[in-house]
Structure formats: structure tokens, C-alpha cells
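Student: Below: sequence and its predicted model.
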Amino acid sequence: MKRVLGSLISPERLRVLGLPVPWIAFALVQLFVLWEGWVLPNQPMGDVYNVYGPWSSQALQGRVVGVTEPWVYPPVALVPMLLPRLLVLITDYTMAWAVMVVILNFIGFGMLLGRGTSRTRVLAASFWVLFALALGPIGLYRIDAVTVPLAVIAVLIIARHPRIAGVLFAIGAWIKIWPGAMLVAAVVALRSRWRVLVPAIVFSCAVMLVVVLGGGAGHLFGFLTTQSDRGLQVEAPVSTPYTWAAMLRLPGAAVVYNQDIVTFQVTGAGDDVVSALTTPLLVLVAAAIAIIGVVKVRAGVSERRLLSPLALALVLAFIVCNKVGSPQFQIWLIAPVVLWILWGRRGVLPYALLSIASALLTQFIYPIMYDRVLTAHVSAVLVLTARNAILVGMLIALIVRLVRLPVAPGMVQAGITVPVAGIDASTFAAGEEERQP
């Protein structure tokens, strides 16, 4: 079966008119998803023209969110919101945003696919294509979309250029915090951890210095405090019991609109307590996963086996244990799955397929069925529950996998991790695993 599959995905076969099929497929999917944003219901582009556009316009007039006033995003997120302003003389802000994200995606995808002669890279690229198609326009018209190509590029170069990868993860984290999970995984799993971490810290200090000198010291970490004050967003996995309660019309259970943060939340018995506990829960779960990683490193588990599932588990923890359940969070899964494919495909297939399934269900949740989600219609609640069950199941399975990771023979000496025959992360750089049959 593997040989048949391998022959079907042979780079030599996957070419049309001299171009790799993944390139053609990616271009078509980007255009299709861009078009979907204009035709699907429930305003899939709404954040771009209702939020990013006004924020960027206000910044040019001196009201800089994150500096002169509190903001829900890290301060560097304003930079990609300002960039489309360079194109507004040619087109409107929404189209300029789409063009910017598509260009970034093409850069990241181009670096991933390379010359299209590596079977492993073709597999990773094909996963990205299928995932983007499954998720739909929400993967293009949200600020999270900017961080995906940055994280993918960091994944591609982390073995040979850990310093640059660390900076890219840091840039992504100061736009939307989730790439910080990838950074933590790299710091835990890699022997080159300091070459990843130090440049990330230096970049972070530079960002903080700029914000402080701009007069925004009081709002520097507002994105953390603002999020902690939020209620339970309707799509969040932790909100699933409340969506069921709203569907069953239990007393006090409902889906309500929060005007201050422009989002829909759930209410019900003890919702304020659950909301208050989710952030500590996220920190505890993420810390526990990182500690498992540290224990495995000290036990001598190889970088190759540890980094990918550790990164995916940490990213999933950021999704599953989060009171904010925005549909665009799904695109966070692209980079860690791509990493897993590039660093050795063993065990990645179920997680790749489940990630695509989760993305597809998410597109049904938003934007296709969102009006039903807001009324807690049974069909929408069932789809939402299925999606959330996939995410929770993946996280649990990954934690179990991390705990059970076997220690490589000859890797432990008196409880201290030592390399085997000089093997290090550079051995597992993208494309090196092409030696495998």
C-alpha cells in the first residue's frame, strides 16, 4: 500500500505542463477561497472591513491601538493591518488585504514545495492545499492568516537556521500569540534551543521598547488582560455544554452578543466560573505538556520524534483550553502538521486527516451555518460538537503519545541526554528524510 501511494505522489508524476500539480492546486484554492469570501453568508470578510480597516485608519490619524488605547491583539498585529493601505489607491481595503495574504501564502508555499522534487515536501504541500480548501475563507480573511506562512517558513529553516526561525516565531507571537507554542516546543525539544530562544527574546525586547517609547507602556500586555476578561465564546470547545444547554432551552442558557468585543458568547449556570478557570487551565495544560517534553528530553528521546507531536500538542492546548473559540484558530494546525511531515512521517497521517476534517467542519460552522449556531439549532450544535470532539480527542491522543515515546537506545548516560553518532537537528532538515524508502 505504501509503495502504491508513494508511486501516486511521485514528484515526477505530479506535473502538468511542466508545473508541479501542488502549485497549480494551491493557486486555484487560493483564488477559490478568495471568491468564497465574497459569496458565502454571514460576512466571512467582516473582520477585515469592519475591524482591521478602521483600526489601521485610526492609527494613521494618531489613535494607535495597543499604544494609545487597550487592544485585544499584540502590538505587532497592527503592522499587517497597515500594509494593505499601500494598495488602497488601486483597490479597496478588503481586496488589498486578500492580495497581501495570498502573496504571503505563495511565499511560504513556494519555500515549502521548493523545486517540487521531494516527495516529503509534496506531501506537506498537499496537506496545506487540502486544509486551505477545507477551511474556506476564514483562513484568508483573518489576522491569523498572516502568521501561518511565517510559522511554516520557521519550520522549514529551524534545523539549519535556528536563530532566524526563533525570530520568525517571535514575530508571529507578537501578531497572534499561538506561534509562541511552536517556540516553546523548539526550546524544549532542540539542543539548539538557545540559538532559537535568544533571538526571540531580543526581538521581543525590541518590540516592548518601541511600544514603551511610543507611550504605550500601560497597554503593552493589554491583549492578555483583555482576553482574560472575556466570556465563553460560542464556538470554543469549553463552551460545548452550554451550546447543548441553549439548544435544549434550559433556564439561563443562551447565545448572546457582546457588543464590547464584537463576538457571540454563551451563558448558563456557572458560566462566569468556567470562564475564569479557562485561562489557568490553558496555562496548566500547556505547562504540563512542556514538562512532559522536558522529561522526555532528559530521558533521551530524539529531537526528531519529540518536536513534532510536542508542537502540535501545545498548539492544540491553545485551541482546546481557550475560552475564545474563533474559527480561524484552526489554521494554527498547519505549521505543526507540516513540521511533522517534514521531520519524519511516522504517525502523522491520523492527525493530518483529523485536522482537515476539523477544518471542513469549521467551515460549516462558520460561515455556512453560523446563523444556526447563534440560535443553537440542533444541526449546528451537532456539527460544532463533532468538531470540538475531534480537537479534544487529538489533544488527548497526543499527550498519550508523548508520554509513551520510547527512549532511543544509547541516548542516555547517567540520566543525561547525549547525542548518538553526532546526530542533531540538522540531520532532519526538510528533505533529508528522502533517504527513507
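Tutor: Looks like it came in fine.
Student: Please make it C-alpha for all contacts and neighbour counts, starting now.
Tutor: Fine.
Student: Give me the below-cutoff pLDDT ranges for the stretch 151-300 of the chain.
Tutor: 228 (pLDDT under 70).
Student: the strands in it, which residues?
Tutor: Under the criterion DSSP state E, counting those that start in this stretch, the stretch 151-300 of the chain contains strands at 232-233, 254-258, 263-267.
Student: winner for burial among those?
Tutor: Counting by mean count of other Cα atoms under 10 Å, strand 232-233 has the highest mean neighbour count of those, with a mean of 26.
Student: from memory Y242 sits against Q265, does it?
Tutor: No. Applying Cα atoms under 8 Å as the test, Y242 and Q265 come out as separate, 9.7 Å apart.
Student: Can I get the strands of the stretch 151-300 of the chain in TSV including distance to V196?
Tutor: What follows is the strands of the stretch 151-300 of the chain, written out as TSV (distance: least, Cα to Cα, whole Å):
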stretch	distance to V196
strand 232-233	34
strand 254-258	39
strand 263-267	36
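Student: wait, which of the ones you listed is closest to A27?
Tutor: For the strands of the stretch 151-300 of the chain, the distance to A27 is smallest for strand 263-267, at 31.8 Å, taking Cα to Cα.
Student: Would you mind putting the CA coordinates of that closest one into PDB?
Tutor: Taking Å, rounded to 0.1, in the frame of the first residue of the first chain, the C-alpha atoms of strand 263-267 are listed here in PDB:
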ATOM      1  CA  THR A 263     -18.400  38.400  19.500                       C
ATOM      2  CA  PHE A 264     -21.100  35.900  20.500                       C
ATOM      3  CA  GLN A 265     -20.900  34.200  23.800                       C
ATOM      4  CA  VAL A 266     -22.800  31.600  25.800                       C
ATOM      5  CA  THR A 267     -24.400  32.000  29.100                       C
END
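Student: Other residues contacting that strand?
Tutor: Strand 263-267 has contacts (Cα atoms under 8 Å, 6 or more residues apart in numbering) with 231-234, 239, 242-243, 252-258, 374.
Student: Tell me how far the closest residue to V392 other than its chain neighbours lies from R160.
Tutor: Nearest residue to V392, sequence neighbours excluded (Cα to Cα, 6 or more residues apart in numbering): V320, at 6.2 Å. Distance from V320 to R160, counting by Cα to Cα, to the nearest Å: 32 Å.
Student: quick one, which of those two is more surrounded?
Tutor: Neighbours were counted for V320 and for R160 using other Cα atoms under 10 Å; V320 has more, 24 against 16.
Student: How confident was the prediction at that one?
Tutor: Note on V320: pLDDT of 98.
Student: now do Q413
Tutor: In this model, Q413 is scored at 40, pLDDT.
Student: What of R435?
Tutor: According to the model, R435 carries a pLDDT of 37.
Student: From the contacts of strand 263-267, pick the one nearest L316.
Tutor: Nearest to L316 among those: S239, at 15.9 Å, using Cα to Cα.
Student: What sits closest to the closest one if chain neighbours are left out?
Tutor: Using Cα to Cα, 6+ apart and skipping the chain neighbours, the partner closest in space to S239 is L232 (6.1 Å).
Student: got a list of what the one you found touches?
Tutor: When contacts are counted by Cα under 8 Å, 6+ apart, L232 touches 238-239, 265-267, 271, 275, 323-324.
Student: just to revisit the earlier point, out of the contacts of strand 263-267, which is nearest to V297?
Tutor: S239 (34.7 Å).
Student: pretty sure that closest one contacts V324?
Tutor: No. In this structure, S239 is not within contact of V324 by Cα under 8 Å, at 9.3 Å.
Student: Next, show the common contact partners of the two.
Tutor: Joint contacts of S239 and V324 (Cα under 8 Å, 6+ apart) are 232-233.
Student: Helices of the stretch 301-437 of the chain, residue ranges please.
Tutor: With DSSP state H, counting those that start in this stretch as the criterion, the stretch 301-437 of the chain has helices at 303-320, 334-342, 349-363, 370-374, 378-404.
Student: any idea of the mean pLDDT in the second one?
Tutor: When you say that, I think you mean helix 334-342. 97.
Student: by contact count, what packs against it?
Tutor: Judged by 3 or more Cα pairs under 8 Å, 6 or more residues apart in numbering; DSSP states H and E, helix 334-342 is in contact with helix 119-135, helix 144-157, helix 303-320.
Student: quick one: the second one to helix 334-342, angle?
Tutor: The one in question is helix 144-157. Helix 144-157 and helix 334-342 are oriented at 20 degrees to each other (axes from the mean of the first three to the mean of the last three Cα atoms, to 10 degrees).
Student: Contacts for helix 144-157, please.
Tutor: Contacts for helix 144-157 (Cα under 8 Å, 6+ apart): 80, 101, 104-105, 107-109, 111-112, 139, 164-166, 168-169, 172, 175-176, 179, 328-329, 331-332, 334-335, 338-339, 429-430.
Student: coming back round to it: please tabulate the helices and strands packed on helix 334-342 in a markdown table, including the columns distance to S57.
Tutor: Shown next, in a markdown table, are these (distance: least, Cα to Cα, whole Å):
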| stretch | distance to S57 |
| --- | --- |
| helix 119-135 | 29 |
| helix 144-157 | 19 |
| helix 303-320 | 30 |
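Student: If anything else comes up later, I'll come back, but that's it for now.
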